[in-house]
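Asks: turn this into a model:
(chains A and B)
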Amino acid sequence: RKEVEQDPGPFNVPEGATVAFNCTYSNSASQSFFWYRQDCRKEPKLLMSVYSSGNEDGRFTAQLNRASQYISLLIRDSKLSDSATYLCVVNSGGGYNKLIFGAGTRLAVHP
Amino acid sequence: EAGVAQSPRYKIIEKRQSVAFWCNPISGHATLYWYQQILGQGPKLLIQFQNNGVVDDSQLPKDRFSAERLKGVDSTLKIQPAKLEDSAVYLCASSPIRGRENGYTFGSGTRLTVV
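Replies: Numbers count the residues shown, from 1 in each chain, chains lettered A, B, ... in the order given. Got it, this is the predicted structure:
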């Protein structure tokens, strides 16, 4: 079983749609969680951290369920510029700052 | 703040040749990582340094890959000899020791094609 699993997509949605991505992780000792965004042929960039209480940044909402080892990202009112791959990322803990990446979910927003 | 610098941006080599990549992390970041990202996959950690010591190289193919971080700053990753399956983007990232809540910063990567 992979340490971080995501639905690979692609998700093809019209502008203005709401889209949700899901992710599960296997290591219950994981300490922190993130969503990264990766544009085509670019490096991954931090989109947002994910907290147990849930957190929101504009149109983006992230949720963490530690009991189910499940992470989600909700994007409301999708824009063309949201088209990218979204990587679910888990800090594996164990005393070092080591990030484990999922394979990513591709999002394509069309007019 | 200057970002993570990597060079070269692109490299094409023939199989069985050698290649080296260079990374300069963000100033003051103690931890440096090399990741391999194969097309369609997420980045996979190859090696992690804290200052100039290795803390994790469990997924580094040590028969052909080597890395060093002299003086705890710049790092080089070498492949010798290269195989076709080494074609990927090699990403360097850095973080402060206490950066667990903030993720870390990637360089723009080196795209390697082995033919």
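Asks: helix, strand or coil for whatever residue of chain B ends up closest to chain A?
Replies: With distances taken as Cβ to the nearest Cβ, chain B approaches chain A most closely at B:Gly42, which sits 3.6 Å away. The way it works is simple: take the backbone N, C-alpha and C, and place the C-beta from them, glycine included. State at B:Gly42, reduced to three classes by DSSP: H, G, I helix; E, B strand; the rest coil: coil.
Asks: and it, how many residues sit next to it?
Replies: Using other Cβ atoms under 10 Å in any protein chain shown, B:Gly42 has 22 neighbouring residues.
Asks: check contacts around it.
Replies: The neighbours of B:Gly42, taking Cβ atoms under 8 Å, 6 or more residues apart in numbering or on different chains as the test, are A:4, A:87, A:101-104.
Asks: which one among these gets closest to chain B?
Replies: Of all those, chain B sits closest to A:Phe101, with 3.6 Å by Cβ to the nearest Cβ.
Asks: list buried residues within the contacts of B:Gly42.
Replies: A:4, A:87, A:101-104 (16 or more other Cβ atoms under 10 Å in any protein chain shown).
Asks: check those residues against chain B, which are close?
Replies: Cross-checking the buried ones among the contacts of B:Gly42 against chain B (Cβ under 8 Å from any Cβ of the partner chain) gives A:4, A:87, A:101-104 as the overlapping residues.
Asks: quick one: which of those residues sit in strands?
Replies: With strands identified by DSSP state E, the entries of those that belong to them are A:4, A:87, A:101.
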